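> Quick one, what's the 3D model for this:
(2 chains)
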Amino acid sequence: NAGVTQTPKFQVLKTGQSMTLQCAQDMNHNSMYWYRQDPGMGLRLIYYSASEGTTDKGEVPNGYNVSRLNKREFSLRLESAAPSQTSVYFCAGQGSSYNEQFFGPGTRLTVL
Amino acid sequence: GENVEQHPSTLSVQEGDSAVIKCTYSDSASNYFPWYKQELGKRPQLIIDIRSNVGEKKDQRIAVTLNKTAKHFSLHITETQPEDSAVYFCAARDSNYQLIWGAGTKLIIKP
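All right, here's what the predicted structure looks like:
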């Protein structure tokens, strides 16, 4: 039982490059989330998926796209990376609205 | 929409003393308030949560209190220990069932 996993752990991109952050969970969570965490700040929601086949924008969706491939996987794509997207990205899963959100280990992304 | 403010941003206490972190929220319809702990370089993890139908919840050295009228809730840690050093985040669930997060409090336990 791996919980919530993310790949890669670290990534350096040049401005304009694209990449996809992968997230998978084996906890049978209905809802999945992508957050970014900047130094000295809290977690800001980028996108979420309340159930398989649905996705919705969060607080800071600009510059990102997501795919809920199946119940287990939720990916985040940066089409044209910008330095402002340098951050730590966390994926999380949640069973129901009153349940705990379980976070992945995070991806530290630097855009030069 | 919901807005959550958290204070203080940094809190330094002597080992063995108590620590209190406070959060206020804006949406009176919010009904779920979790607290997460994030150790340096690690992922956030839930330590305690409270629903709006109770005023207080306790788990060993940790307690959370909720004042719905004033729209604020607080985390209390008693008999602090070095392993309590971390960043603590409060959150409130909004009407879309999403968590809105406070900015975090860095808790430093002095030996």
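
> Can you classify the spatially most central residue of chain A as helix, strand or coil?
Central residue of chain A (Cα atoms, centre = their mean): A:Trp34, 3.0 Å from the mean position. At A:Trp34, secondary structure determined by DSSP: H, G, I helix; E, B strand; the rest coil is strand.

> tell me the contacts of the residue nearest to A:Glu79 when sequence neighbours are not counted?
Nearest residue to A:Glu79, sequence neighbours excluded (Cβ to Cβ, 6 or more residues apart in numbering or on different chains): A:Ser18, at 5.2 Å. Using the backbone N, CA and C atoms, a C-beta is placed for each residue, glycine as well. Applying Cβ atoms under 8 Å, 6 or more residues apart in numbering or on different chains, we find A:Ser18 in contact with A:77-81.

> Poorly predicted segments of chain A, please.
For chain A, residues meeting the criterion pLDDT under 70 lie at A:97-98.

> Spell out which parts of it neighbour chain B.
For chain A, the residues in contact with chain B (Cβ under 8 Å from any Cβ of the partner chain) are A:40-45, A:48, A:50, A:58, A:90, A:97-98, A:100-101, A:103-106.

> Give me the distance between the two termini of stretch B:79-99.
The first and last residues of stretch B:79-99 sit 29 Å apart, counting by Cα to Cα, to the nearest Å.

> Can you list the buried residues in it?
B:80, B:84-94, B:98-99 (16 or more other Cβ atoms under 10 Å in any protein chain shown).

> swap in stretch A:34-46?
A:34-37, A:42-46.

> what about the nearest residue in space to A:Phe10 that is not next to it in sequence, helix or strand, and which?
Nearest residue to A:Phe10, sequence neighbours excluded (Cβ to Cβ, 6+ apart): A:Arg108, at 5.1 Å. Element membership of A:Arg108 [criterion: DSSP states H and E] is strand A:107-111.

> Give the other helices and strands that that strand contacts.
Packing contacts for strand A:107-111, counted by 3 or more Cβ pairs under 8 Å, 6 or more residues apart in numbering or on different chains; DSSP states H and E, involve strand A:10-13, strand A:87-94.

> what does the longest one contact?
This means strand A:87-94. A:4, A:6, A:21, A:23, A:25, A:27, A:29-38, A:43, A:46, A:74, A:76, A:100-104, A:106-109, B:43-44.

> Just the buried residues of those.
Of the contacts of strand A:87-94, these count as buried by 16+ other Cβ under 10 Å: A:4, A:6, A:21, A:23, A:25, A:29, A:31-37, A:43, A:46, A:74, A:76, A:101-104, A:106-109, B:43-44.

> What residues of stretch B:39-58 count as buried?
B:43-44, B:47-50, B:52.

> how much distance is there from that stretch to the middle of the chain?
The chain centroid and the centroid of stretch B:39-58 are separated by 6 Å under Cα atoms, centre = their mean, to the nearest Å.

> taking the mean pLDDT, what do you get for that stretch?
Taken as a whole, stretch B:39-58 has an average pLDDT of 93.
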